[in-house]
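Trainee: sequence-free structure coming up:
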């Protein structure tokens, strides 16, 4: 059984989802649920902390596109800490148009988030 | 107290009703055929007209031994269709296939084989050849493995481009060969993603339509062999031998190893569309990779041999394709299969049209005889999903049926005009008796397409099959020794001329003549009515060293050498300017054949033929010179005059020019005898000093326009 968990926090108008483990067809529904929950807050940006993702399958990648469609128009989706292979694969299949890559969080490191797990 | 959350009740059909082999299942949906993701599970549907029992066989990705085998209960069958929905599958890591039992009392032509796992003919993705050229696992009893595909690609606003057919300039290319050579400089050589990186090149050339040689899953290792002389591994590089009709070739995807070839392909289409470039697929429905009696059992023959193939009464395969078997295209079941497949590619992949390999086979009936009203061709012609698709027939087959000009078309189909190719080649090499035919080809072959118009004619001088343009002017004969068949394979009717020396030479005069001949060919191709098609690389003089049948070479022999774009930049610029010239002069693209009348009150007929003397063409059998004046309107509605003169004589000639209106004078667009580059960007044409006469060099072409002073 693949292990995967997510946590959700709010940082001002941003929403942060931290992903840990393997994201594939079996665990993708959990992330989809989290994304839907985040979208209810109408955040200005959705930040996905990918640094704890050990494995990302094609079904997992599609969840990131799913997020694009769930989020309000004009909002950003930022992937933080996505490794080279993930970024490259997303570019090869055109998924990179839906998201931005970054190596740092787009809000203050020390800023306390509001946990709403 | 929070408000009660309203939960949408799950569909009742998203729960299992039975347990088979440890899986929750329920009777499936019989349509559509194939494997489809449904809430909570996967629906599998398969048809066979005479099978007696079917089992669904599930594998973990790549494993030899099945994970489970689920006999589909007979009560799940309706008619000849078995359908089952299976729940709780790890569908991303799943390969599937079928075990099919035939009747106890089989027909002589049945080939049921329950020892084998059959692929799903409707599989939307296949694995087994995920990485091009990687040695297959020959111990795997299930070589071509059906997989599920996601159909949730984010297309944004993309849709097929629907460029008017008369405006198309087609570029025929091989996905792998286009960028496989290291000189391409792309991040993922030889892939769909590689094509995307080269879109700026296609834009700079000016083509607006690519025609991709086969991209349906095939096995490059089919008939693999070592050439005894060179020791080179010979593969099926072209891929005219389909394994999976609904599955994009995984080995052409940089992401094929992750099973994301469908997405990478779609992204390529989306990016090409965003650049204004259409995508046509070269599709092969005349035969399959199952071959003849000795070929492999992949799917059709173990499911329904008598339905899918044209067979002799004794059960042997007819071989109208020259490759072992013949798909029974006009059987209602096969017809539906082909139609479903093309609808799938048009709707799911947004492709803009299709070119049908050996299409004459598509109008042979079940007895092999050509039909006057072939139901498959008719169905494709009037299909609602395919309505805007370009349909192009290669209107001949290997069984002797030649239908250029007579392919059943329902006013809908275009054809590869083999007569354009042959006439232009014969004219250029200097054959006598070609002038009249050349004139006919230049105006869109009204002898063949008087009712259908010029759009029915796809004009080409070269294509993947045969010499490249450079080799057409460099070799008298084919040089196919590297194919390992003692130079016996490949056509001998090349109508080529080596310009005096066989093969490469340092003789600068020969080199200049060859370049001129290539330019002459491009002038005829790109100023003629009908849809022009360029063989990728011909714009930079790509060579295959005289090999006119390079289907088996995955090497520098067939790969696009990007160094040529610099070494032969003169030819590239010449072709680019010619394409732009075609765009600037709508009269060259008219879908109506000329009539010799003055449609726009210009004082000139829409077409007139000339020679050394204006208004007097030399139609004699030994004539080598022809000039044409075409008149019409520009896109802005202004009077337009285009004069094209070609000379295949070894001597130059002074041509008297037809007189233009008083306020208009002759300007030079192209002269293939002149120093480099030989033409100019449209709009920069230079007025002629002498408005009454022009010199046409030996084996040369000139193009003039009349422009107001």
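Mentor: Alright, I've got the coordinates. Every value quoted in this text rests on a predicted model; they were computed, and no experiment measured them.
Trainee: What residues does chain A have near chain B?
Mentor: By CB under 8 Å from any CB of the partner chain, the residues of chain A that approach chain B are A:24-26, A:57-59, A:61-62, A:65, A:68-69, A:89, A:91-95, A:97-98. Quick note: C-beta positions are derived from backbone N, CA and C, even for glycine.
Trainee: For ChimeraX, write the select line for the buried members of the residues you listed.
Mentor: Of the residues of chain A next to chain B, the buried ones can be selected in ChimeraX as follows, counting by 16 or more other CB atoms under 10 Å in any protein chain shown:
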select /A:24,25,26,57,58,59,61,62,65,68,89,91,92,93,94,95,98
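Trainee: any weak-confidence spans in chain B?
Mentor: B:1-10 (pLDDT under 70).
Trainee: run the last query once more with 50
Mentor: B:1-2, B:7 (pLDDT under 50).
Trainee: do the same with chain A
Mentor: Short version for chain A, where the test is pLDDT under 50: A:110, A:112, A:116-117.
Trainee: For chain B, what is the nearest residue in it?
Mentor: Proximity of chain A to chain B (CB to the nearest CB) peaks at residue A:94, 3.2 Å away.
Trainee: count of residues packed around residue B:204?
Mentor: Look at residue B:204: counted by other CB atoms under 10 Å in any protein chain shown, it has 12 neighbours.
Trainee: what's the spacing between it and residue B:42?
Mentor: 45 Å (CB to CB, to the nearest Å).
Trainee: cool, and residue B:399?
Mentor: Separation of residue B:399 from residue B:42 (CB to CB): 41 Å.
Trainee: Same drill for the two, tell me which one is more crowded.
Mentor: When neighbours are counted by other CB under 10 Å, residue B:399 and residue B:42 differ, and residue B:42 comes out ahead with 21 against 18.
Trainee: wait, is that one part of a helix?
Mentor: No: going by DSSP: H, G, I helix; E, B strand; the rest coil, the assignment for residue B:42 is strand, not a helix.
Trainee: Next, find the distance separating residue B:130 from residue B:254.
Mentor: Distance, residue B:130 to residue B:254, using CB to CB: 11 Å.
Trainee: if you count what's nearby, which of these two comes out ahead?
Mentor: Taking other CB under 10 Å, residue B:130 and residue B:254 do not tie; residue B:254 has more neighbours (24 against 21).
Trainee: OK, contacts around that one?
Mentor: Contact analysis of residue B:254 by CB atoms under 8 Å, 6 or more residues apart in numbering or on different chains lists A:92, B:188, B:191, B:192, B:193, B:194, B:264.
Trainee: For the stretch 51-200 of chain B, what lies in contact range of chain A?
Mentor: B:90, B:91, B:92, B:93, B:150, B:152, B:154, B:156, B:188, B:191, B:193.
Trainee: Touching the strand or helix carrying residue B:376 from outside, list them.
Mentor: Assigned by DSSP states H and E, residue B:376 belongs to helix B:375-382. Helix B:375-382 is contacted from outside by B:329-330, B:332, B:334-335, B:338-339, B:342, B:362-363, B:386, B:391, B:408-413, using CB under 8 Å, 6+ apart.
Trainee: can you tell me the distance between the two ends of stretch B:247-263?
Mentor: Taking CA to CA, to the nearest Å as the measure, stretch B:247-263 stretches 12 Å from start to finish.
Trainee: Kindly report the residues of chain B close to chain A.
Mentor: Within chain B, the positions adjacent to chain A are B:90-93, B:150, B:152, B:154, B:156, B:188, B:191, B:193, B:253-255, B:258-260, B:263-264, B:266-267, B:270-271 by CB under 8 Å from any CB.
Trainee: Any of these buried? List them.
Mentor: B:91-93, B:150, B:154, B:188, B:191, B:193, B:253-255, B:258-260, B:263-264, B:266-267, B:270-271.
Trainee: now the helices: where do they sit in chain B?
Mentor: Along chain B, counting by DSSP state H, helices occupy B:175-179, B:192-197, B:199-205, B:261-274, B:300-308, B:332-348, B:375-382, B:418-429, B:435-442, B:446-449, B:469-472, B:508-527, B:564-567, B:569-584.
Trainee: So what's the gap between the fifth one and the chain middle?
Mentor: For helix B:300-308, the distance from its own C-alpha centre to the chain's C-alpha centre is 27 Å (CA atoms, centre = their mean, to the nearest Å).
Trainee: Would you mind pulling the contact partners of it?
Mentor: For helix B:300-308, contacts defined as CB under 8 Å, 6+ apart pick out B:46-51, B:98, B:100, B:107, B:109-113, B:116, B:118, B:121, B:288, B:290, B:309, B:311, B:327-328, B:331, B:333-334.
Trainee: so of those residues, which ones are in strands?
Mentor: B:46, B:47, B:98, B:100 (DSSP state E).
Trainee: what's the closest of the contacts of residue B:254 to residue A:12?
Mentor: Checking the contacts of residue B:254 against residue A:12 by CB to CB gives residue A:92 as the nearest, at 34.1 Å.
Trainee: wait, what's in contact with the closest residue to that closest one other than its chain neighbours?
Mentor: Closest residue to residue A:92 apart from its sequence neighbours, by CB to CB, 6 or more residues apart in numbering or on different chains: residue B:193 at 4.5 Å. If you count contacts by CB under 8 Å, 6+ apart, residue B:193 has them with A:91, A:92, B:186, B:187, B:253, B:254, B:255, B:264, B:267, B:268.
Trainee: Alright, that wraps it up for me.
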